[in-house]
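Undergrad: quick one, fold the following:
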Amino acid sequence: MQLLLVGKNDISQIKSVNASSRTLNEGEVRLRVESFALTANNITYAVTGDLIGYWKFFPVSEEGWGIVPVWGHAVVIETECEGIDLGERLYGYLPMAEELVVHPSRIRQNAFKDGSDHRSQLPAVYNEYIRLNNSEHHDTGLEDLQSILYPLYATSYMIYDYLMDNNYFGAKQILIGSASSKTAVGLLQLLSDDETVDPKIIGLTSTRNQDFVKNLGVCDQVITYENIERETEKIPSVYIDMSGNADVRVSLHTHLDAQLLVSCSVGVSHWDKFRPTKELPGAKPQMFFAPAQIQKRHDEWGPGVIQGKTQAAWRDLAIKSKSWLTVKEGKNLTDGIVAYKELIAGETLPTEGHIIRTG
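TA: Next up is the predicted model:
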């Protein structure tokens, strides 16, 4: 079995290794990974692997190396679990590898949880596998977009919900960093489509991606990073940071000072500019963790409601994305190494999404 390992202390390092497939225990299922997406989201998983625990999902014994989780599709090729059949196709959290062994628990008609011991203390949202054969929402024509966009647009929706839930924290403007990233595009589209949103919506981006963000038509204003101090109004503001770029964070905090009411970090696509910052003017930076908002809504609204809203939102956003998104297909895990290095180097265009097939 081939798998890809990433250096925990230097995430620019990636290598292919071979491992033996182990015998299944009672209740376990072996999956063959069919395909998975690689996006800036996966770079965030790598950067925060120790902080949030992403390295723990698919542990390996090689010291200093780990598997970055990805989202994708798999098929059951061996089963020792009653109720899970050979040939079933699944969507969920996977390793960058050819195979994965899971221990299905809480088996339902359309989904199950991986009940493996090492995942029991990890966020439940990452442990659920959708049984596509029985899913009423599954659309085979959107599978690649599901892998590329669903995890990102699900996060986009939860940030949107978080902002609404708190009445935008009383802000007069919402600034979204790395506005060309797919999670940002999803959030911008949701805010733009909602006629009740009162704050001004501003996209912060690089000069290279300025035209792309403007042409989406979802921002009231697009500001390039070097023009933050010149063009950003000093009014009550919320900052949603999709990139983890410390230079931008310092510039914005310094400029807005006490007018910055909330500073919320979502991603670290600019991993090379990610670093802790000393105490800054304005709101204390905080990390947005989508599963926490999902759990809040689950408790308030009951089981399945927030998932239904997210499903409806992502499908609409995915269909709209077809006008600007090109899927780049890799045919094997070696192509996965190339795609990963492109992402690390910041060479992937905002109009592209990587799908890696395992062969």
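
Undergrad: out of the helices and strands in the protein, which is least certain?
TA: Using mean pLDDT, DSSP states H and E, the weakest-scoring helix or strand in the chain turns out to be helix 49-52, at a mean of 84.

Undergrad: what does it rub up against?
TA: By CB atoms under 8 Å, 6 or more residues apart in numbering, the residues outside helix 49-52 that reach it are Lys8, Ile11, Trp55, Gly66, Val68, Phe289. To be clear about C-beta, it is placed using only N, CA and C from the backbone, and glycine gets the same treatment.

Undergrad: kindly indicate which of those lies nearest Arg208.
TA: The shortest approach to Arg208 among these belongs to Ile11, at 22.6 Å (CB to CB).

Undergrad: with adjacent residues omitted, what lies nearest to that closest one?
TA: Spatial nearest neighbour of Ile11, chain neighbours left out: Ala46 (4.2 Å); criterion: CB to CB, 6 or more residues apart in numbering.

Undergrad: could you do Leu260 as well?
TA: Spatial nearest neighbour of Leu260, chain neighbours left out: Gly282 (3.2 Å); criterion: CB to CB, 6+ apart.

Undergrad: and that neighbour, which of the three is it?
TA: Assigned by DSSP: H, G, I helix; E, B strand; the rest coil, the conformation of Gly282 is coil.

Undergrad: so how far is Gln146 from it?
TA: The gap separating Gly282 from Gln146 is 38 Å, by CB to CB, to the nearest Å.

Undergrad: which one of the two has more residues nearby?
TA: Set Gly282 next to Gln146 and count neighbours by other CB atoms under 10 Å: Gln146 wins out with 25 against 19.

Undergrad: where does the more buried one land in three-state SS?
TA: Classified using three-state DSSP, Gln146 is helix.

Undergrad: am I right that it is in contact with Tyr91?
TA: Yes. Using CB atoms under 8 Å, Gln146 is in contact with Tyr91, at 6.4 Å.

Undergrad: pull out the buried positions in stretch 68-78.
TA: Val68, Pro69, Val70, Trp71, Gly72, His73, Ala74, Val76, Glu78 (16 or more other CB atoms under 10 Å).

Undergrad: follow-up on the earlier one: how far does the least confident helix or strand of the chain sit from the chain's center?
TA: Distance of helix 49-52 from the chain centroid (CA atoms, centre = their mean, to the nearest Å) equals 15 Å.

Undergrad: how about the strands in the stretch 151-300 of the chain?
TA: Under the criterion DSSP state E, counting those that start in this stretch, the stretch 151-300 of the chain carries strands at the ranges 173-176, 200-205, 221-224, 237-241, 260-265, 286-287.

Undergrad: how many residues are close by Asp10?
TA: Asp10, neighbours per other CB under 10 Å, totals 9.

Undergrad: can I assume it sits in a strand?
TA: No. According to three-state DSSP, Asp10 belongs to no strand; its state is coil.

Undergrad: what about it, distance to Ile67?
TA: Applying CB to CB to Asp10 and Ile67 gives a distance of 15 Å.
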